[in-house]
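> Return a 3D structure for these sequence lines:
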Amino acid sequence: MTDLSTTYLGLNLKNPLVASASPLSKNVDKARKLEEGGVAAIVMYSLFEEQIIHESLELDHYLTRSSDSFAEAMSYFPNADKYLVGPEKYLRQVSELKKALKIPVIGSLNGVSKGGWTNYAKQIQDVGADALELNLYYIPTDPDLTAQELENAQVELVAEVKSAISIPLAVKLGPFVTALPNFARRIVDAGAGALVLFNRFYQPDFDLEELKVLHSLDLSTSAEMRLPLRWISILHGKINADFALTSGIHTSNDVLKAMMAGAKVGMMASELLWGATPAPQRISEILNHIQEWMETHEYQSIKQMQGSMSQKAVKEPAALERANYMTILNSFRDTP
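Have a look, this model is predicted:
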């Protein structure tokens with residue numbers, strides 16, 4: 001029997017397939033079905049810095065406004081349920097998932113600045129999360145903000161979050177960094193035990209009739225995994241951290257490619273949310289296909305293949321990338 005087990009953030013996982021942050025984690029029954037299908041861990045949907053700050057300001061508003069109001073006006077106070085739309089509801093959901101599931105539950109914070117909101121990292125830990133994923137999603141628009149300033153701020157944020165928790169920390173990065181290997185090393189030095197490559201770059205569209213900005217969610221495709229696949233294969237063996245490949249994993253072949261690049265886990269969302277096959281059944285199919293492929297190709301374990309196609313044995317990976325770039329461009333042949 002082939003061994004599908006892997007380790008990620010110090011967690012022993014039965015296989016490398018992880019449900020990445022998505023609305024599926026908002027429902028305990030759906031999360032339980034993912035576990036029954038065979039998923040090895042689940043990442044919670046993200047709690048955003050803006051949600052925490054908004055709730056804090058709202059609470060301050062209700063506690064400090066109109067000191068001369070009538071005491072009899074009990075409706076003056078907000079309904080307690082109002083506050084369950086933000087951080088408190090999130091913490092409760094982490095706790096409920098931990099009670100319902102046997103697999104690890106990884107919390108998720110999404111933010112870009114230092115501040116009191118990072119205290120929620122410890123609160124997520126305290127309600128039972130096995131690890132925490134910090135998603136650094138920020139699009140700089142200020143021409144005066146330098147790359148160095150932005151990177152320094154993100155490194156400081158990682159260090160602040162890590163100082164607040166004792167559970168493992170993963171950091172989810174975007175691909176748009178001038179010198180990604182150096183930035184990745186700085187993030188790891190600041191306390192990250194794993195790097196998740198990459199968060200998706202959601203881009204707005206324009207409605208030409210209504211003249212307004214459209215916000216739409218486009219599903220990923222397997223082609224999108226080439227970017228994280230490339231970078232994980234480059235960074236494997238050079239950065240002392242685990243790697244998770246996310247964006248574009250839809251099939252068993254996608255998971256196998258991620259392992260060979262050097263990832264410890266492959267994270268899946270789109271295929272589970274809107275795939276033609278129900279999520280639990282699809283997970284089972286993928287894991288069965290992985291096992292069949294490994295048996296056919298005489299692999300004894302997932303750990304045996306991890307990093308087997310990375311660039312750690314290549315003396316000049318930059319030269320290899322240039323050669324690949326030229327080969328692809330020169331391979332095009334125009335048809336009459």
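
> any idea how far the residue nearest to F176 when sequence neighbours are not counted is from P143?
By the measure of Cβ to Cβ, 6 or more residues apart in numbering, the closest residue to F176 outside its immediate chain neighbours is F201, 7.4 Å from it. Bear in mind the C-beta positions are built from the backbone N, C-alpha and C, glycine included. Distance, F201 to P143, using Cβ to Cβ, to the nearest Å: 20 Å.

> neighbour-wise, which of the two wins?
Shown here are F201 and P143; by other Cβ atoms under 10 Å, F201 has more neighbours (11 against 6).

> mind checking pLDDT for that one?
The confidence metric pLDDT takes the value 76 at F201.

> and if you look at R65?
In the prediction, the pLDDT value recorded for R65 is 42.

> With adjacent residues omitted, what lies nearest to Q51?
Computed as Cβ to Cβ, 6+ apart, the closest residue to Q51 that is not its neighbour in sequence is G86, at 4.8 Å.

> Lowest mean pLDDT among the helices and strands of the chain, which one is it?
Taking all helices and strands of the chain together, the one with the lowest average confidence (mean pLDDT, DSSP states H and E) is helix 49-64, at a mean of 55.

> helices and strands around the very next helix or strand once past it, which ones?
On the C-terminal side of helix 49-64, the closest following helix or strand by DSSP states H and E is helix 87-100. Secondary structure elements in contact with helix 87-100, counted by 3 or more Cβ pairs under 8 Å, 6 or more residues apart in numbering; DSSP states H and E, are helix 28-37, helix 49-64, strand 105-110, helix 120-126.

> so how far is helix 87-100 off the chain centroid?
Using Cα atoms, centre = their mean, to the nearest Å, the distance from the centre of helix 87-100 to the centre of the chain it belongs to is 18 Å.

> list the buried ones in that helix?
P87, Y90, L91, Q93, V94, S95, L97 (16 or more other Cβ atoms under 10 Å).

> my read: the fifth one touches L109, true?
Spelled out, that is V94. No: under the criterion of Cβ atoms under 8 Å, V94 lies out of contact with L109, with a separation of 11.4 Å.

> so what sits against both of these two?
Overlap between the neighbourhoods of V94 and L109 consists of I124, taking contacts as Cβ atoms under 8 Å, 6 or more residues apart in numbering.

> where do the strands sit along the stretch 151-300 of the chain?
Ranges of strands in the stretch 151-300 of the chain, per DSSP state E, counting those that start in this stretch, are 169-173, 194-197, 205-207, 212-214, 242-245, 265-268.
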